[in-house]
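> give the three-dimensional model of this entry:
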Amino acid sequence: MLDNPLNMTGRTILVSGASSGLGRGIAQVLAGLGARVVVHGRDLPRINETLATLPGAGHIGTVFDLANYDGIGEWVADLVGEVGALDGIVHSAGILTVAPVKVLSSRILGSMTDVNVHAAISLARALRVPAHRTSQASIVFISSVMAFAGTAGQVAYSATKGALVALTRSMAMEFAKEGIRVNCIAPGAVQTEMVFKYKRTVPVDQMKALEARHPLGFGTPEDIGYAAAYLMARTGKWITGSTLVVDGGYLAQ
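Numbering: from 1, shown residues only. Model prediction:
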């Protein structure tokens, strides 16, 4: 009988932004496959809500503001001191602010870049430290189909998510000599709090048009969790520098 290559028993994975939305769904899938999950967020009560939904034992929560990206290395070092070396990081935390170019301020662009891009690089740098990782460590960044498809009002979001796709390729080459795989997922619209918040900022017709662009309908956090698991488990051991599009057919049209 074939050994299950998706079995993640014994692995410790840090999931950023796991107090809700995509991050919570990813944490739930990884825990269901046997991983010990380090649940990151900025709100302890919501972190505890996620922890309460995870199967298995040994999961822990951690509070940190990723906008303080210069402090990420020290924070990860402290985490490793508590839970041991990490087998991987999923960077799911992100900021989406709808802002047309005419009102796009440096503050909005800066806050999105800090969390969506700078924090991603800092997390990867921290994992690269030999004492912080195991020999099978890997990284998964959560990008968006907006890295490939334009939408009015999402210039900053598209730019930061496109940056993740681009840096994934170069980082994969830089980290390959140490055996660290680096990949990316580009989801379409998933039923999360972020999408519901976006729904409140756009006309009803625009939201209906967005749903119509997804032939299979909107996705669920679990769908993205399965993709992350595939890339992090043995199923993805020969995959690096890739971006997996999981979008219900959005980009196929």
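> tell me the centre residue of the chain?
The residue lying closest to the centre of the chain (CA atoms, centre = their mean) is Ser92, at 2.3 Å.
> excluding its backbone neighbours, what's nearest that one?
Gly23 (3.7 Å; CB to CB, 6 or more residues apart in numbering). All C-beta spots, glycine's among them, are computed from the backbone N, C-alpha and C.
> now name the helix or strand holding the one you found.
With secondary structure defined by DSSP states H and E, Gly23 is part of helix 21-32.
> with Thr134 instead?
strand 133-142.
> what's the angle from that strand to helix 21-32?
Counting by axes from the mean of the first three to the mean of the last three CA atoms, to 10 degrees, strand 133-142 lies at 140 degrees to helix 21-32.
> so what touches strand 133-142?
With contacts defined as CB atoms under 8 Å, 6 or more residues apart in numbering, strand 133-142 is touched by 11, 22, 85-92, 94, 120, 123-124, 127, 164, 167-168, 171, 175, 179-185, 187, 224, 228, 231-232, 236, 240.
> separation between the residue nearest to Asp223 when sequence neighbours are not counted and Tyr157?
Nearest-residue entry for Asp223: Val246, 6.0 Å, with adjacent residues in sequence omitted and distances by CB to CB, 6+ apart. Distance from Val246 to Tyr157, counting by CB to CB, to the nearest Å: 18 Å.
> show me where this protein has strands.
12-16, 36-41, 60-63, 86-91, 133-142, 181-187, 243-246 (DSSP state E).
> want to throw those strands into TSV with mean pLDDT, distance to Thr53 and mean neighbour count?
Conversion of the strands of the chain to TSV gives the following (pLDDT from 0 to 100; distance: least, CB to CB, whole Å; neighbours: other CB atoms under 10 Å):
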stretch	mean pLDDT	distance to Thr53	mean neighbour count
strand 12-16	98	13	27
strand 36-41	98	10	26
strand 60-63	98	12	16
strand 86-91	98	16	26
strand 133-142	97	19	23
strand 181-187	98	20	25
strand 243-246	98	21	18
